[in-house]
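A.B. asks: I'll drop the sequence and a predicted model, then ask my questions.
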Amino acid sequence: MGPEFFRTVYRKFWLIHRCDERFRAVITSGRASLIYYPVRGQELLAAAMGAVLRKDDYIVTTYRGLHDQLAKGVPIDRLWAEFLGRLDGTCKGKGGPMHITHPETGVMVTTGIVGSGLPIALGLALASQVRGDGRVTVVSFGDGASNIGAFHESLNMASLWKLPVVFFCQNNTYAEHTAYANGTSCAHVVDRAAGYAMRGVRVDGNDPAAMAGAAWAAVEWARAGKGPTLLEADTFRFKGHTIGSSSDYVPKDAIAAAEKVDPLATFRPWMIAKGYATDDQLGLIEGEIEAELDHAVEYGFASPFPPVEELLTDVHGQGVSQ
């Protein structure tokens, strides 16, 4: 993992950050009306995971999934169109921000139900295992989902069958409005891996090298046929649960501590200090992304809304009697 790799991570990181900012801006300005779950603070861990995955690997994410979707390579223009409910979106406007899919880049499911993505990921991983195609499935979820029954059932089955899956817990310390310590008995989500005879790793999701290294090791472990990993990445959610909701319940000292290690403040200087990029090179990346986003926003708003006839398409599978 050298300069080129981390420049890729930075590009994904900055794209996620600016796309999240611009989504929030069009909503708060009244230009668009939709439900959106901000990813501010969680940009780096998704960027690192996306950088170590193959294009044909699978990912299953949640309603707070913009970072995973962009990191895996979903086209930005079609993503914007889908978020805005337009015909040219990845799901023809039917999925919206909570149900993005784009199989061409391996984004197979975005779930709107806490914890529901884990058993779906098992199905994808089992299919890869049966086919022997070498694909790895990553399923992202928050710390709150680790208390859902499907979490435990999925870890048990994945370990039993040695499925090529990475359980990627993005621990942002709050399950909606409930602090981690108030809803989970064990000190860390990763502690639960031992109960399922599974490899478990906890990593600082704000540390570029540590996060990328842990992601790579978990993916390659699965690809080698050694089974699943429960990978817990410590992170922080700087915005409310949804756009427009308050985060007043988060202690000010916790926010201050998180700001000191926020990748938005630390990643750029780290890249320069390591000699992986110059200030000008990073500025060029940021400028290119801004131009891409300008085009994506324009594309999204220019796309038409789906006609009424679209309600009846993509309902039945091919060859299924209607």
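C.D. replies: Structure received. Predicted model, so just to flag it, every value in this text is computed and none were measured.
A.B. asks: Let's verify the closest residue to residue 37 other than its chain neighbours: helix, strand, or coil?
C.D. replies: Leaving aside its sequence neighbours, residue 37 sits nearest to residue 64 (C-beta to C-beta, 6 or more residues apart in numbering; 3.8 Å). All C-beta atoms are positioned from the backbone trio N, CA, C, and that covers glycine. Under DSSP: H, G, I helix; E, B strand; the rest coil, residue 64 falls in the coil class.
A.B. asks: pretty sure residue 64 contacts residue 41?
C.D. replies: No. Taking C-beta atoms under 8 Å as the definition, residue 64 is not a contact partner of residue 41, at 10.9 Å.
A.B. asks: Around the closest residue to residue 126 other than its chain neighbours, how many other residues sit close by?
C.D. replies: Leaving aside its sequence neighbours, residue 126 sits nearest to residue 163 (C-beta to C-beta, 6+ apart; 6.0 Å). Close neighbours of residue 163, defined as other C-beta atoms under 10 Å, add up to 24.
A.B. asks: What of the one 10 residues further on?
C.D. replies: The local packing of residue 173 (other C-beta under 10 Å) involves 18 other residues.
A.B. asks: who's in contact with the nearest residue to it once chain neighbours are set aside?
C.D. replies: In this structure, residue 173 finds its nearest non-sequential neighbour in residue 180, 5.2 Å apart by C-beta to C-beta, 6+ apart. Listed by C-beta atoms under 8 Å, 6 or more residues apart in numbering, the contact set of residue 180 reads 143, 171, 173-174.
A.B. asks: what do you get for residue 77?
C.D. replies: 88, 295-296, 299-300 are the contacts of residue 77 under C-beta under 8 Å, 6+ apart.
A.B. asks: quick one: secondary structure of it?
C.D. replies: helix.
A.B. asks: and the host helix or strand of residue 169, how far from the chain's centre?
C.D. replies: Assigned by DSSP states H and E, residue 169 belongs to strand 165-171. Its chain's C-alpha centre and that of strand 165-171 lie 10 Å apart, by C-alpha atoms, centre = their mean, to the nearest Å.
A.B. asks: ok, that strand: who's next to it in the sheet?
C.D. replies: For strand 165-171, the paired strands and their directions (DSSP bridges) are strand 137-142 (parallel), strand 229-234 (parallel).
A.B. asks: that older thread, most neighbours among the contacts of residue 77, which one is it?
C.D. replies: residue 300 (23 neighbours).
A.B. asks: What score does that one have for pLDDT?
C.D. replies: Listed pLDDT for residue 300 reads 97.
A.B. asks: Repeat that for residue 63.
C.D. replies: Reported pLDDT for residue 63: 94.
A.B. asks: what's the answer for residue 184, then?
C.D. replies: 82.
A.B. asks: Next up, the contacts around it.
C.D. replies: Taking C-beta under 8 Å, 6+ apart as the test, what residue 184 contacts is 143, 146-147.
A.B. asks: contacting residues around the residue nearest the centre of the chain?
C.D. replies: Ranked by distance to the mean C-alpha position of the chain (C-alpha atoms, centre = their mean), the top residue is residue 68 at 2.5 Å. Shown in contact with residue 68 (C-beta under 8 Å, 6+ apart): 46, 49-50, 59, 61, 107, 140.
A.B. asks: okay, those residues in CSV with distance to residue 114 and neighbour count next?
C.D. replies: Listed next are those as CSV, based on distance: C-beta to C-beta, whole Å; neighbours: other C-beta atoms under 10 Å:
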residue, distance to residue 114, neighbour count
46, 18, 32
49, 20, 32
50, 22, 26
59, 17, 32
61, 12, 27
107, 19, 24
140, 12, 30
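A.B. asks: Report the secondary structure state of the residue lying closest to residue 65 once chain neighbours are set aside.
C.D. replies: With C-beta to C-beta, 6+ apart as the criterion, residue 65 has its nearest non-adjacent residue at 4.9 Å, and that residue is residue 110. Here residue 110 is recorded as strand under three-state DSSP.
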